[in-house]
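Q: Here's a sequence, model it:
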Amino acid sequence: MAKPKVFVTRIIPDKGFDLVKEACEVDLWTEELPPLYEVLLERVRGVDGLLCLLTDRIDAQLMDAAGPQLKVISNHAVGFDNIDIPAATARKIPVGNTPGILTDATADFAFSLLVAAARRVVEGDRYVRAGKWKTWGPSILLGPDITGATLGIIGYGRIGQALAKRASGFDMRILYHDPMVAPGSNLPGTAVDLETLLRESDFVSLHTLLNEQTRHLINRDTLALMKPSAVLVNTSRGPVVDGQALYEALKEGKIFAAALDVTDPEPLPMDSPLLELDNLIIAPHIASASKPTRDKMSLMAAENLLAGLSDRRLPTCVNPEVY
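A: Down below sits the predicted model:
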């Protein structure tokens, strides 16, 4: 019996890829940069399954280009805003993602960014390497305290709650804002409206989904509500933050610092004014980049793919209504 044909849009860890290779006839995109949309349209023709990344736009046109035999789309990510879910559902194509698996790694990294931005770790490293360190000084690279400070978490799902758990070890006061959390939920911290969170928080960490309501949620108006001593951290999605507004707020001292694991666009062009700022840390979307986490993600993505190819229910399905 012929093996099902699949297209894998990037090299993934062997833990998952070995399962896919064993069960499928694999067309693998091996280059570092993601395939262009026109390339995707060509390479998906005739495939039974697609294993893709957030960087791949999977829309109705692409699904139709693949053909009616396309049985499953497996996203090697928790998020799935790169996929037209209604279009997949209309075509009875289950879509898989990898939720839960990267919660701890992402929360660890978000807290790392919070600490690094507050205590100016990256700026201090640059200070030393530039030969500016002449002696110990009582006013060199001062930053805010973390212990006992107020942390505002926007988006209080798994990762937001995991961040709160870490912050509790520093005796931080936790505020959270999430319209999806039912009133009266027995969660650690205090539920508040967005304005209260921004006004009262010493640190604001973003963990929300990207949708029309959250695009540019952090903009000139919302940044103006924050304390001049506040630190903003974003490990959610780049477009949640208006980059130009953030640049102005940091440049003009309207907030103290920021740390981003995600940007808009990704990667940032080298002429972006954000790269000129000393009070901004930018990481290359690596919040989930621990080896055990990425191994587990690849396994989950492979299991979703193989389940769909064999007409079994996906272990983690974004659109279960297809069943």
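Q: isn't I12 right up against A301?
A: Yes: at 6.9 Å, I12 and A301 qualify as touching, with contact defined as Cβ atoms under 8 Å. (Each C-beta comes from the backbone N, C-alpha and C, glycine too.)
Q: so how many other residues sit close to the closest residue to V121 other than its chain neighbours?
A: Counting by Cβ to Cβ, 6 or more residues apart in numbering, V115 is the residue found nearest to V121 once chain neighbours are left out, at 7.3 Å. A total of 17 residues lie near V115 under the criterion other Cβ atoms under 10 Å.
Q: For T98, see how far away V115 is.
A: Computed with Cβ to Cβ, to the nearest Å, the distance linking V115 and T98 is 27 Å.
Q: Contacts only, for V8.
A: Under the criterion of Cβ atoms under 8 Å, 6 or more residues apart in numbering, the contact list for V8 reads F17, V20, V26, D27, L28, W29, L51.
Q: does V6 count as helix, strand or coil?
A: Secondary structure of V6, reduced to three states by DSSP: H, G, I helix; E, B strand; the rest coil: strand.
Q: quick one: it and L50 touch, right?
A: Yes: V6 lies in contact with L50 (Cβ under 8 Å); the separation is 6.8 Å.
Q: mind listing the helices for this structure?
A: Along the chain, the segments classed as helices by DSSP state H run 14-23, 37-43, 60-66, 85-90, 103-118, 121-129, 158-168, 194-200, 220-225, 243-251, 291-309.
Q: what helices or strands is the last one leaning on?
A: Counting contacts by 3 or more Cβ pairs under 8 Å, 6 or more residues apart in numbering; DSSP states H and E, helix 291-309 packs against helix 14-23, strand 49-52, strand 72-75, strand 95-96.
Q: C-alpha coordinates for that helix, PDB please?
A: What follows is helix 291-309, C-alpha atoms only, in PDB (Å, rounded to 0.1, in the frame of the first residue of the first chain):
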ATOM      1  CA  LYS A 291      15.300  21.400  23.400                       C
ATOM      2  CA  PRO A 292      12.900  19.300  25.400                       C
ATOM      3  CA  THR A 293      10.000  21.600  24.600                       C
ATOM      4  CA  ARG A 294      10.700  21.700  20.900                       C
ATOM      5  CA  ASP A 295      11.100  17.900  20.800                       C
ATOM      6  CA  LYS A 296       7.700  17.600  22.400                       C
ATOM      7  CA  MET A 297       6.200  20.000  19.900                       C
ATOM      8  CA  SER A 298       7.500  18.000  17.000                       C
ATOM      9  CA  LEU A 299       6.100  14.800  18.500                       C
ATOM     10  CA  MET A 300       2.700  16.400  19.000                       C
ATOM     11  CA  ALA A 301       2.700  17.900  15.500                       C
ATOM     12  CA  ALA A 302       3.600  14.500  14.000                       C
ATOM     13  CA  GLU A 303       0.900  12.700  16.000                       C
ATOM     14  CA  ASN A 304      -1.700  15.200  14.800                       C
ATOM     15  CA  LEU A 305      -0.600  14.700  11.200                       C
ATOM     16  CA  LEU A 306      -0.600  10.900  11.400                       C
ATOM     17  CA  ALA A 307      -3.900  10.700  13.100                       C
ATOM     18  CA  GLY A 308      -5.500  12.800  10.400                       C
ATOM     19  CA  LEU A 309      -4.000  10.700   7.600                       C
END
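Q: Next, the angle helix 14-23 makes with it.
A: Taking axes from the mean of the first three to the mean of the last three Cα atoms, to 10 degrees, one finds that helix 291-309 is oriented at 30 degrees with respect to helix 14-23.
Q: if we look at helix 291-309, which residues are touching it?
A: Contact partners of helix 291-309, identified using Cβ under 8 Å, 6+ apart, comprise 4, 6, 12-17, 19-20, 23-24, 48-49, 51, 71-77, 94, 96-98, 101-102, 104-105, 288, 313-317.
Q: shouldn't the residue nearest to V121 be in contact with T147?
A: No: under the criterion of Cβ under 8 Å, V115 makes no contact with T147, lying 10.8 Å away.
Q: contacting residues around S205?
A: With contact set as Cβ under 8 Å, 6+ apart, S205 has these partners: A110, L114, L151, G152, I153, I154, G160, L163, L232, V233, N234, T235.
Q: any idea how far V204 is from the last one?
A: Going back to what we said before, that points to T235. Distance from T235 to V204, counting by Cβ to Cβ: 12 Å.
Q: Could you find the closest non-adjacent residue to A107?
A: The shortest distance from A107 to any residue other than its chain neighbours is 3.6 Å, reached at A162 (Cβ to Cβ, 6+ apart).
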